[in-house]
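S.K.: sequence plus predicted model, see below.
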Amino acid sequence: MKAECPVCGAMIELKEGTIVGELLECPDCGTELEVVSLNPPTLKEAPQEEEDWGE
């Protein structure tokens, strides 16, 4: 199963057992991606974690 990187367009092979919400890194551009769907296989940029200063 393959999905397209939304940043650089590279085709990324998803391993068997991949689940929705899993994070992976594009081997071409290095962007951290989140699996948002398996049917069809769809990826989006993973949200950037921000510092939580207790506000």
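M.R.: Now that the structure is in, tell me what you want to look at.
S.K.: surely Leu43 meets Glu34?
M.R.: Yes - counting by C-beta atoms under 8 Å, Glu34 is a contact partner of Leu43 at 6.8 Å. Where you see a C-beta, it was placed from the backbone N, CA and C, and this is true even at glycine.
S.K.: which one's more surrounded, the two?
M.R.: Set side by side, Leu43 and Glu34 show more neighbours around Leu43, with 22 against 15, by other C-beta atoms under 10 Å.
S.K.: can you pull out the helices in this structure?
M.R.: Counting by DSSP state H, the chain has no helices to list.
S.K.: and the longest strand for it?
M.R.: For the chain, the strand reaching the highest residue count under DSSP state E is reported as strand 32-38.
S.K.: send the alpha carbons of that strand over as CSV?
M.R.: As requested, C-alpha coordinates have been extracted for strand 32-38 and formatted as CSV (Å, rounded to 0.1, in the frame of the first residue of the first chain):
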residue,chain,number,x,y,z
GLU,A,32,6.8,14.2,9.6
LEU,A,33,3.5,12.9,8.3
GLU,A,34,0.3,11.5,9.9
VAL,A,35,-1.7,8.7,8.4
VAL,A,36,-5.3,10.1,8.2
SER,A,37,-6.9,7.4,6.1
LEU,A,38,-6.1,3.9,4.9
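S.K.: list the buried residues in it.
M.R.: Within strand 32-38, the residues scored as buried using 16 or more other C-beta atoms under 10 Å are 33, 35.
S.K.: give me the residues contacting that strand.
M.R.: Residues outside strand 32-38 that contact it (C-beta atoms under 8 Å, 6 or more residues apart in numbering) are 1, 3, 5-7, 12, 14, 18-26, 41-47.
S.K.: now do that strand: distance to the chain's middle.
M.R.: The gap between the average C-alpha position of strand 32-38 and the chain average comes to 4 Å, counting by C-alpha atoms, centre = their mean, to the nearest Å.
S.K.: try stretch 25-33
M.R.: Here the centre of stretch 25-33 is set off from its chain's centre by 8 Å, with C-alpha atoms, centre = their mean.
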